[in-house]
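Chemist: A predicted structure for the sequence below; I have some questions about it.
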Amino acid sequence: MRILVTGRQGQVAGALADLAGARPDELEVAALGRPELDITDRASVERAVAGFSPDIVVNAAAYTAVDKAETEEDAAFAVNADGAGNVAAAAAAAGVPVIHLSTDYVFSGEGDRPWREDDRTGPQGAYGRTKLAGEEAVRAANPRHAILRTSWVYAPFGHNFARTMLRLAGDRDVVRVVADQHGAPTYAPDIAGGILAVAKVALAEPDSARWRGTFHMTAADETTWAGFAEAVFSASAARGGPSARVEPIATADYPTPARRPANSRLDNSRFRATFAHALPDWRDGVERCVAELVRPSSNMVR
């Protein structure tokens with residue numbers, strides 16, 4: 001299977017490249033970014049797709065600076081909406097499916113149950129609005145699409161919450177973390193595995209409608225940001241790495257330019273039923289990530 005993935009520096013693109021490295025006889029991944037592939041430039045995307053001749057395209061590129069998007073919505077829209085449409089259209093022109101990554105931020109963040117795919121969307125900020133527009137652009141540009149909404153993505157590389165917590169623990173004994181936002185931390189390598197499961201069905205059943213549409217794909221179970229931090233510190237301490245005590249705080253105690261969803265829970269049942277695949281429990285991902293980041297008995301963090 002040949003996969004072209006946009007967003008070369010991203011966590012999911014890196015995880016897909018690592019997956020290909022572990023399965024060279026099964027999978028070939030080209031993770032491309034600027035200048036070779038600029039998703040805001042339709043011609044650039046078309047050249048990249050034609051040059052690699054993929055079996056499937058994965059759009060993992062995104063403008064993810066949630067707070068900056070409040071003052072840079074045009075820039076976020078160019079990547080998250082127009083860029084997503086360009087990638088889907090280029091895949092359609094090449095006659096191949098597209099898998100597009102989206103986010104829980106397309107919902108309002110209200111309520112106390114996991115969001116289902118057919119629930120009414122209602123983004124509360126610029127980032128969510130641009131990602132929702134990207135979903136709409138993908139649907140319009142390529143009927144052979146799967147949109148995968150996920151949440152709280154992290155990896156052993158890149159800028160993410162887990163790495164930030166370990167860095168802070170190296171400088172302080174107590175870390176204040178929001179405890180009234182609920183969701184599922186989702187490990188990028190597990191997202192890569194889920195994408196591969198979708199791709200296999202899409203390529204095995206190219207004319208089937210069952211794999212097309214929108215699906216929620218997150219780690220199993222849920223926690224808060226404070227619970228996530230505590231799990232990171234516990235896993236790190238067990239390996240001789242940095243740790244800190246978590247002081248739970250309310251969202252109101254940590255104001256940000258963009259409103260964060262209180263409820264980021266996503267219902268994964270449709271994804272599991274369609275692809276016979278479930279992502280592991282979020283705690284399992286934390287253990288594997290911290291094992292990659294912390295060198296045992298050395299207090300060294302990668």
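Modeler: Perfect, I can see it now.

Chemist: please count neighbours and contacts with C-alpha atoms only from this point.
Modeler: Will do.

Chemist: can you tell me how far G83 is from Q181?
Modeler: 30 Å (CA to CA, to the nearest Å).

Chemist: and S44, by the same measure?
Modeler: Applying CA to CA to S44 and Q181 gives a distance of 39 Å.

Chemist: again with D82
Modeler: Counting by CA to CA - D82 and Q181 are separated by 30 Å.

Chemist: and the strands in the chain?
Modeler: Applying DSSP state E to the chain gives strands spanning 2-6, 28-32, 56-59, 98-103, 145-150, 153-154, 174-178, 182-183, 186-187, 213-216, 223-224, 245-249, 294-295, 300-301.

Chemist: what pLDDT, on average, does the fourth one get?
Modeler: I take that to be strand 98-103. Taken as a whole, strand 98-103 has a mean pLDDT of 98.

Chemist: now do stretch 137-155
Modeler: The model assigns stretch 137-155 a mean pLDDT of 98.

Chemist: repeat that for stretch 197-207.
Modeler: 97.

Chemist: okay, now the unreliable bits of the stretch 201-302 of the chain?
Modeler: Scanning the stretch 201-302 of the chain for pLDDT under 70 picks out 296-302.

Chemist: and the residue most central in space within the chain, what does it touch?
Modeler: The residue lying closest to the centre of the chain (CA atoms, centre = their mean) is V153, at 4.9 Å. V153 sits next to 11, 160, 185-188 when contact means CA atoms under 8 Å, 6 or more residues apart in numbering.

Chemist: again with S102
Modeler: Contacts of S102 (CA under 8 Å, 6+ apart): 131-132, 135, 147-150.

Chemist: where exactly do the helices run in the stretch 101-250 of the chain?
Modeler: 126-141, 161-169, 188-204, 225-238 (DSSP state H, counting those that start in this stretch).

Chemist: how about these in a markdown table, adding distance to V106 and mean neighbour count?
Modeler: Below are these laid out as a markdown table (distance: least, CA to CA, whole Å; neighbours: other CA atoms under 10 Å):
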| stretch | distance to V106 | mean neighbour count |
| --- | --- | --- |
| helix 126-141 | 5 | 23 |
| helix 161-169 | 20 | 19 |
| helix 188-204 | 19 | 20 |
| helix 225-238 | 19 | 22 |
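
Chemist: tell me which of these lies nearest to D267.
Modeler: Counting by CA to CA, D267 lies closest to helix 188-204 out of these; the figure is 15.0 Å.

Chemist: tilt between that closest one and strand 145-150?
Modeler: Interaxial angle, helix 188-204 versus strand 145-150 (axes from the mean of the first three to the mean of the last three CA atoms, to 10 degrees): 160 degrees.

Chemist: coming back round to it: who's the residue nearest to the centre of the chain bridged to?
Modeler: T186 (DSSP bridges).

Chemist: would you turn the strands of the chain into a markdown table with distance to A126?
Modeler: Shown next, in a markdown table, are the strands of the chain (distance: least, CA to CA, whole Å):
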| stretch | distance to A126 |
| --- | --- |
| strand 2-6 | 22 |
| strand 28-32 | 26 |
| strand 56-59 | 20 |
| strand 98-103 | 13 |
| strand 145-150 | 17 |
| strand 153-154 | 19 |
| strand 174-178 | 21 |
| strand 182-183 | 20 |
| strand 186-187 | 22 |
| strand 213-216 | 21 |
| strand 223-224 | 23 |
| strand 245-249 | 25 |
| strand 294-295 | 35 |
| strand 300-301 | 34 |
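
Chemist: indicate which one of those is closest to V49.
Modeler: Closest to V49 of the strands of the chain, according to CA to CA: strand 2-6, at 7.3 Å.

Chemist: check contacts around the nearest residue to N263 once chain neighbours are set aside.
Modeler: Spatial nearest neighbour of N263, chain neighbours left out: G109 (4.5 Å); criterion: CA to CA, 6 or more residues apart in numbering. Counting by CA under 8 Å, 6+ apart, G109 makes contact with 260-264.

Chemist: and with 7 Å instead?
Modeler: Residues near G109 by CA atoms under 7 Å, 6 or more residues apart in numbering: 261-264.

Chemist: quick check: phi and psi on it?
Modeler: The phi/psi pair for G109 (degrees, to the nearest 10) reads phi 80, psi 10.

Chemist: same check, this time on the one 10 residues further on
Modeler: With angles defined as degrees, to the nearest 10, D119 sits at phi -70, psi 150.

Chemist: can you tell me how far it is from A75?
Modeler: For D119, the distance to A75 (CA to CA) stands at 28 Å.

Chemist: before we move on, what about A262?
Modeler: From A262 across to A75, the span is 26 Å (CA to CA).
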